[in-house]
Structure formats: C-alpha cells, structure tokens
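**Student:** pasted the sequence and its predicted model underneath.
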Amino acid sequence: MKRKYDVIVVGAGPAGSSCAGVLAENKVDVLLLEKHPVIGYPLCCAEALSLPFFSQHFDSNSHWISNYIHKVALFSPSGIKLEVSHPDCAVILDRKIFDRDLALMAASKGAEVKVNSCVVGVLKENQGEVSGVKVKENGNERNYRAKVIICADGIESQTAKWAGIDTTLDLDQLDSCAQYLLGNIDIKPDRLEFHVGYNLAPGGYAWVFPKGKDFANVGLAVTPALANGGKAKKLLDEFVDKRFSRFSTIETMVGGVPCFSRKSVLVKDNLLLVGDAARLVDSLSGAGIANAILSGKTAGEVTSEYIKNGYPLEFLREYQKRFMGKKGRELSFYSFLRKIYLRMRDEDFEAVVLFLKDYLEGKEVKGFDPIFLAKTILKSNPVLLTLLKHVVW
C-alpha cells in the first residue's frame with residue numbers, strides 16, 4: 001500500500017468523487033478516502049437535482065434517476081396553493097447508487113478508493129504546511145502524505161479544522177433537517193411540494209419530493225436560531241400527520257445544511273475545500289448537489305494543472321477564482337435573500353404566495369432566472385422591502 005500520493009481527497013460524496021474522477025482522468029495519482037464502510041450511506045439528502053444540470057453532466061437515462069419532476073407546488077401557511085408546470089424541472093436521484101457509482105467511475109479512471117478509512121488528524125511540516133492525513137483503518141492508524149489535500153468531508157469538515165481553517169457556523173448559518181422516506185402516501189408523483197411558514201418551520205420549510213407513485217422523501221428544515229428549542233423531527237412529525245391521512249415510514253434521516261457566506265474559505269495553501277465543506281450551498285433552498293459536483297470538478301481541473309505543470313502553490317487559488325466566477329454572484333444573492341427570509345413571518349409568506357399565484361398561475365415554465373424572480377417579488381411587496389433595512393449587504 002502506497003503512503004505518498006499527488007493528491008488525497010477526503011470524502012467520497014459527489015464533490016469528492018467528482019474531484020477524484022477528474023484528477024485520475026488527468027493521470028494524477030489520487031487517493032479517495034471515505035470514512036463510512038459503504039459509500040452513499042447513510043443518506044442525508046432530499047435527492048432532487050435540476051434536470052438541465054443533470055443532463056449537462058450525466059446520461060439522462062441513467063439508472064441513478066428514481067423519478068422525473070414536471071410540476072412544482074408552493075403552499076402558504078393557510079394552505080393557498082400555487083402550482084406551476086415545469087416540464088424540465090428536476091430529477092429525484094437514488095443517491096445511494098449515484099454516490100457509489102461516482103466513486104466506481106473515479107476508480108475505473110485510476111483513483112485509489114478506500115472505504116472505512118476515517119481521517120483523524122493531519123500531518124504538518126515544520127512551517128505548518130499540511131503534508132498529509134492520519135487515517136484510522138481497521139483499528140490501526142496510518143499516515144498518508146500528498147502534495148495537495150482536498151476536503152470533501154461535508155458540513156463538519158474536521159480535516160479543514162485540523163488544518164487551521166475556522167469552519168464554525170453560527171446558529172443562523174445552518175439549518176437542522178429531518179426527513180422520512182414515506183410509503184403508501186397520496187401524492188402527485190411528478191410534483192415537488194414546498195410548504196412555507198414561520199410556525200410550520202422557523203427559518204426553513206417542509207418538502208415532499210416524490211420518488212415514485214406513492215412514496216417520497218418528506219422532510220423539514222429549521223434554523224436553530226429561530227426555533228426556540230423546537231426540533232426539526234418534532235415539527236416534521238406534526239407536518240406529516242397534517243399532510244397525510246395514511247403513511248408508512250421506511251427510513252429516517254437527520255442532518256445539517258450549511259449556508260454560504262462571503263467568509264466561506266475555498267483555498268488555504270495546499271488545501272482546497274469543496275461542496276458542503278466549503279459552504280457552497282444555495283442558502284435559501286439548501287440545494288447543494290450541483291454545487292458539490294461543479295466545485296469538485298473545478299478543484300480537480302485546477303489541481304491537475306498544478307501537479308502536471310509544476311506551477312507555484314499560489315496557482316491553486318485559481319480554483320476559487322474559477323468557481324466563484326461561475327457561481328459567486330448566485331451564491332451571494334441567495335445568502336442575501338436568506339437574511340430577508342429569516343425575518344419573514346406567516347403574513348409575509350401569505351403575501352409572497354399570493355403574488356406568485358397571480359404572476360405564475362396557469363403558465364408553463366420552461367426556465368426562469370431565480371434572481372430576477374426574487375427581485376420582482378421584493379419590488380412588488382412593500383412589506384418585504386421594509387425588511388431590507390435590517391439586512392447588512
């Protein structure tokens with residue numbers, strides 16, 4: 001077993017495996033480490049991904065797809081419903097298969113993949129530069145060294161913390177989530193549901209993401225800073241009892257979702273952070289799969305150039321420049337919107353849903369600019385505009 005690599009990627013989720021795949025394709029010697037014994041498990045995801053993004057990066061007929069979504073419904077606190085037809089809306093993935101296969105693809109290109117390998121610390125040289133990781137495998141600790149370390153280890157990102165990066169999140173910078181896979185439920189199988197309301201889910205929302213004709217991922221997220229001790233699981237149980245007259249609980253999952261901010265760190269010396277570890281999440285919806293994949297691929301491309309061409313260490317900052325050039329404006333705007341969203345109460349949600357109902361009801365959406373739509377909502381509602389004075393941009 002080798003102990004020295006060009007690159008070590010910590011975490012075999014979509015970000016890590018996408019990164020390792022690009023590195024291996026470019027003939028870079030890469031080790032992909034996964035702390036769990038099975039890649040893709042346990043699941044902590046609602047599994048929805050934009051169909052246009054999926055089609056751009058993967059085969060649209062893939063066996064990774066559990067379901068295709070063609071409609072979106074938004075429900076106000078009082079139950080007012082807006083339903084929009086969106087033929088190219090989204091796919092619902094089977095993340096357990098998707099994550100595993102991304103790692104298999106990386107391995108087939110030449111990456112070395114190791115499961116049940118938990119990183120428990122970092123190795124540092126005399127000047128403090130990270131030179132590798134300490135890994136616990138089968139009860140034994142081994143050291144692996146590399147020129148570059150890529151942190152794809154999710155919201156907790158212990159690797160980044162050990163390397164000296166402050167990844168602490170304030171209570172208003174993350175959401176606490178609970179989700180069930182429910183069966184034997186009455187749903188429209190091609191429609192996403194979003195339910196909003198301060199009392200329903202303070203700082204968050206509830207969702208129903210169908211995986212088939214009578215089963216779905218049903219979850220709820222809250223912002224701990226607003227929840228006054230209310231737990232996501234308790235609020236989810238109340239939502240499920242109200243939404244469904246019958247159901248069977250097949251799986252239970254809990255987790256956290258970070259929020260992007262201008263303080264999010266993507267590069268420090270020879271460490272690169274991708275996906276949730278770098279907080280590359282839509283701060284309004286919590287969506288993160290697409291950004292994870294894109295950040296992983298971008299980090300893989302830049303690191304490949306760095307290794308193959310012998311560029312100076314500063315070149316690795318090109319990763320942050322390229323990724324933020326593609327997604328920075330969008331992520332920053334969603335972070336700004338979240339600050340307003342956290343101040344909204346039920347009457348504000350009612351007003352927004354009513355406005356959207358007038359604006360979109362009966363229309364078929366083939367694609368829209370979410371930033372333009374958000375700006376339109378803000379301009380149309382004087383009450384929401386008053387919330388702007390409380391937001392520091």
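**Tutor:** Sure thing, it's come through. From a predicted model like this one, the values you see are computed outputs, not experimental measurements.
**Student:** helices along the stretch 251-393 of the chain, start to end?
**Tutor:** Assigned by DSSP state H, counting those that start in this stretch, the stretch 251-393 of the chain shows helices spanning 289-309, 318-341, 346-360, 370-380, 382-387.
**Student:** pick out the shakiest of those, pLDDT-wise.
**Tutor:** Between the helices of the stretch 251-393 of the chain, the lowest average pLDDT goes to helix 382-387, which shows a mean of 63.
**Student:** list the buried residues in whichever strand or helix holds S131.
**Tutor:** Element membership of S131 [criterion: DSSP states H and E] is strand 130-137. Going by neighbour count (16 or more other Cβ atoms under 10 Å), the buried part of strand 130-137 is V130, S131, G132, V133, V135. No exception for glycine: its C-beta is placed from N, CA and C like everyone else's.
**Student:** surely the fourth one meets I8?
**Tutor:** Yes: here V133 lies in contact with I8, judged by Cβ atoms under 8 Å, at a distance of 5.9 Å.
**Student:** quick check: neighbours shared by the two?
**Tutor:** Each of L33, Y144, A146, I149 lies in contact with both V133 and I8 under the rule Cβ atoms under 8 Å, 6 or more residues apart in numbering.
**Student:** so which of the residues you listed is the most crowded?
**Tutor:** Neighbours were tallied for each of the shared contacts of V133 and I8 (criterion: other Cβ atoms under 10 Å), and the maximum of 28 neighbours falls on I149.
**Student:** can you list the strands that the helix or strand hosting it pairs with?
**Tutor:** Element membership for I149 (DSSP H and E) is strand 140-151. Sheet pairing of strand 140-151 (DSSP bridges) gives strand 4-10 (parallel), strand 130-137 (antiparallel), strand 271-273 (parallel).
**Student:** so Q179 sits against K211, correct?
**Tutor:** No: contact status for Q179 versus K211: not in contact, 11.8 Å apart, counting by Cβ under 8 Å.
**Student:** ok, these two, which is more surrounded?
**Tutor:** Each of Q179 and K211 has its neighbours counted (other Cβ under 10 Å); Q179 has more, 26 against 19.
**Student:** can I get stretch 321-331 as CSV, trimmed to CA atoms?
**Tutor:** The C-alpha trace of stretch 321-331 is given here as CSV (Å, rounded to 0.1, in the frame of the first residue of the first chain):
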residue,chain,number,x,y,z
LYS,A,321,-11.4,32.3,-8.9
ARG,A,322,-12.9,29.9,-11.5
PHE,A,323,-15.7,28.5,-9.3
MET,A,324,-16.7,31.9,-7.9
GLY,A,325,-16.6,33.3,-11.4
LYS,A,326,-19.3,30.8,-12.4
LYS,A,327,-21.4,30.7,-9.2
GLY,A,328,-20.3,33.5,-6.9
ARG,A,329,-23.0,36.1,-7.8
GLU,A,330,-25.7,33.5,-7.5
LEU,A,331,-24.5,32.2,-4.1
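**Student:** buried sites along it?
**Tutor:** By neighbour count, and taking 16+ other Cβ under 10 Å as the criterion, the buried residues in stretch 321-331 are R322, F323, M324, K327, L331.
**Student:** list the contacts of the last one.
**Tutor:** For L331, the contacting residues are F260, L280, D282, S283, N291, M324, by Cβ under 8 Å, 6+ apart.
**Student:** low-confidence ranges in this protein?
**Tutor:** Where the chain drops to pLDDT under 70, the residues are 1, 60-61, 367-368, 382-393.
**Student:** can you tell me the centre-most residue of it?
**Tutor:** The central residue of the chain, meaning the one whose C-alpha is nearest the mean C-alpha position (Cα atoms, centre = their mean), is G288 at 2.1 Å.
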